[in-house]
Every structure is written in structure tokens, then in C-alpha cells.
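Q: Build me a model:
(chains A and B)
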Amino acid sequence: QSALTQPASVSGSPGQSITISCTGTSSDVGNYNFVSWYQQHPGKAPKLIIFEVTNRPSGVSNRFSGSKSGNTASLTISGLQADDEADYHCCSYAGSSTVVFGGGTKLTVL
Amino acid sequence: QLQLQESGPGLVKPSETLSLNCTVSGGSLSSTIYYWGWIRQSPGKGLEWIGTIFYSGNTYYNPSLKSRVAISVDTSKAQFSLTLYSVTAADTAVYFCARRPMAAPGALHAFDVWGQGTVVTVSS
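A: This is a model prediction of the structure:
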């Protein structure tokens, strides 16, 4: 069970859109529609923002959207805001009740 | 609403055993549609899934930690616990407990409620 691969960092200006990728294998991301994304501000616990690839929990802005193609899932944040600056983590179900996380991506809003 | 709270020693010596508890309030640990899990985050690193338990006691562990980990549940105390044996400096991390739905209508296999985390340092 290897960690999912995410870029270490991405950046964008306010109002722009950015996309964070999350690459796994045919044993996790490619085989299940159970990819979730988490936003984590410094010193805080992660917050669920996307589940089951594309779904948003109640209260999460529709500026956050998720997608998947093959073994790669993606998180897109549109209309970047200063408060979006945070770490973002992806997670995938990997079968047999196990899950695997990505290494995390630091988003900087310029 | 549901709240999770981690507790336990903040400092553990190398080769000793790390023990943490997660207390569940505002909801039931005995629900049939949730797993309860432990996740950790080493300094400056990403999240790492440690393991998960069902209220019945069924457990599932990260293969890389399986030989050193045990998770247990005590529904009478509304707690589930993490035990990590033979710790080293590499086990220094923030440890989170979290809820993970395993059946509808929840966010399947996503961690939807988290504790605030507790810092554990392994050092002599």
C-alpha cells in the first residue's frame, strides 16, 4: 500500500482556479469511487470537503469540485480566496476496509 | 453534534508503548454504519492512516504498521483506543481520531468528523 502522489505545492492568484492532482493505482483510485479530499489549515484538524469523488458535504462551498479519470483524481478550487490557503490531502479506499492518503499539497494564494 | 477528543501522554520514550484514547460524545460509538479510526501526521508531512475499528471489535490496520498496532473499543466508556508498540522517533506525530461512514447515508469511506489531534513526541 503506497501513498497516493500529490504535487508538493501549487499556487494561484485570488479569483483564479487551480487543480490539485492525486495519482494512485488500479488498486485504489482507479478501482473505487471513494476518493475524498480534506482541507487543513495550520495547527488544525483536517476538514472533509469532497467525498465519493465529486460530492460536497453540506456547508462546503461549491467553489470546490472533484473529478476522477483512471488512476488520477483531481480537486479544483475556483474563484480562489485568501482563506483557501491551506494544505490539501486526498484519500482513497483501497479495498478490505483500508484507505490510503496522499502526501498533501500546500496551496499558496499569491 | 458528534465530537471526538483524543487524550494520552505527550511524551513517550523510545522502545516503549504509546497509548491514546478517543472519547466520543454527542453520538453513539455503537452505530452500525460507522468505523472509527486513527490517523497520524508527522511534522511537515502528509496524513497516514493507522487503522480502523468497528463497534463489534473488528479491526483493520495499515500493513506498514500492522505488526506494532492494536486498536480496541470500549462502548461502555464511549472510547476507542490506540496502542503502538516499540516506538521510535519516527512515530513522533500529531495523532487524530476520526469517524468514517461505511454505509449510506454517510460519506462512504471518508473521514467526516475529526478530533482536534494530540501531539506525541518520542524522545528519551
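
Q: In stretch A:26-37, which of the residues would be classed as buried?
A: Neighbour-count burial for stretch A:26-37 flags A:28-30, A:32, A:34-37 (criterion: 16 or more other C-beta atoms under 10 Å in any protein chain shown). No exception for glycine: its C-beta is placed from N, CA and C like everyone else's.

Q: Return only those of those found close to chain B.
A: A:32, A:34, A:36 (C-beta under 8 Å from any C-beta of the partner chain).

Q: Turn the residues you listed into a markdown table, columns for pLDDT, secondary structure and distance to residue B:75.
A: Formatted as a markdown table, those follow (pLDDT from 0 to 100; DSSP: H, G, I helix; E, B strand; the rest coil; distance: C-beta to C-beta, whole Å):
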| residue | pLDDT | secondary structure | distance to residue B:75 |
| --- | --- | --- | --- |
| A:32 | 95 | coil | 29 |
| A:34 | 95 | coil | 26 |
| A:36 | 97 | strand | 26 |
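
Q: Now flag whichever of these is closest to residue A:22.
A: residue A:36 (10.0 Å; C-beta to C-beta).

Q: quick one, what contacts the closest one?
A: A:48, A:50-52, A:90-92, B:107, B:109-111 (C-beta atoms under 8 Å, 6 or more residues apart in numbering or on different chains).

Q: quick check, the strand ranked longest in chain A touching chain B?
A: Assignment by DSSP state E gives strand A:86-93 as the longest strand of chain A. Yes - Strand A:86-93 reaches chain B (C-beta under 8 Å from any C-beta) through A:89, A:91, A:93.

Q: out of these, which one sits closest to chain B?
A: Distances from chain B to these, taken as C-beta to the nearest C-beta, are shortest for residue A:93 (4.2 Å).

Q: quick one: contacts for the closest one?
A: Residue A:93 touches A:28, A:32, A:34-35, A:99, B:108-109, counting by C-beta under 8 Å, 6+ apart.

Q: Identify the residue nearest the most far-flung residue of chain A relative to its centre in space, chain neighbours excluded?
A: No residue in chain A sits farther from the centre than residue A:96, which is 22.1 Å out by C-alpha atoms, centre = their mean. Closest residue in space to residue A:96, ignoring its immediate chain neighbours: residue B:60 at 6.9 Å, by C-beta to C-beta, 6 or more residues apart in numbering or on different chains.

Q: Close to chain B: what parts of chain A are there?
A: So chain A meets chain B at A:1, A:3, A:6, A:32, A:34, A:36, A:38, A:44-48, A:51-52, A:55, A:57, A:89, A:91, A:93, A:96-104 (C-beta under 8 Å from any C-beta).

Q: What are the boundaries of the strands in chain A?
A: Under DSSP E, chain A gives strands at A:9-12, A:18-23, A:35-40, A:47-50, A:64-69, A:72-77, A:86-93, A:99-101, A:105-109.

Q: for those strands, which one sits closest to residue B:115?
A: strand A:47-50 (12.6 Å).

Q: Need phi/psi at the residue nearest to residue A:96.
A: phi -140, psi 130 (degrees, to the nearest 10).

Q: How many neighbouring residues does it have?
A: 17 (other C-beta atoms under 10 Å in any protein chain shown).

Q: what residues are up against it?
A: Counted by C-beta under 8 Å, 6+ apart, residue B:60 has contacts A:96-98, B:35, B:51-53.

Q: try 7 Å this time
A: A:96-98, B:51-52 (C-beta atoms under 7 Å, 6 or more residues apart in numbering or on different chains).
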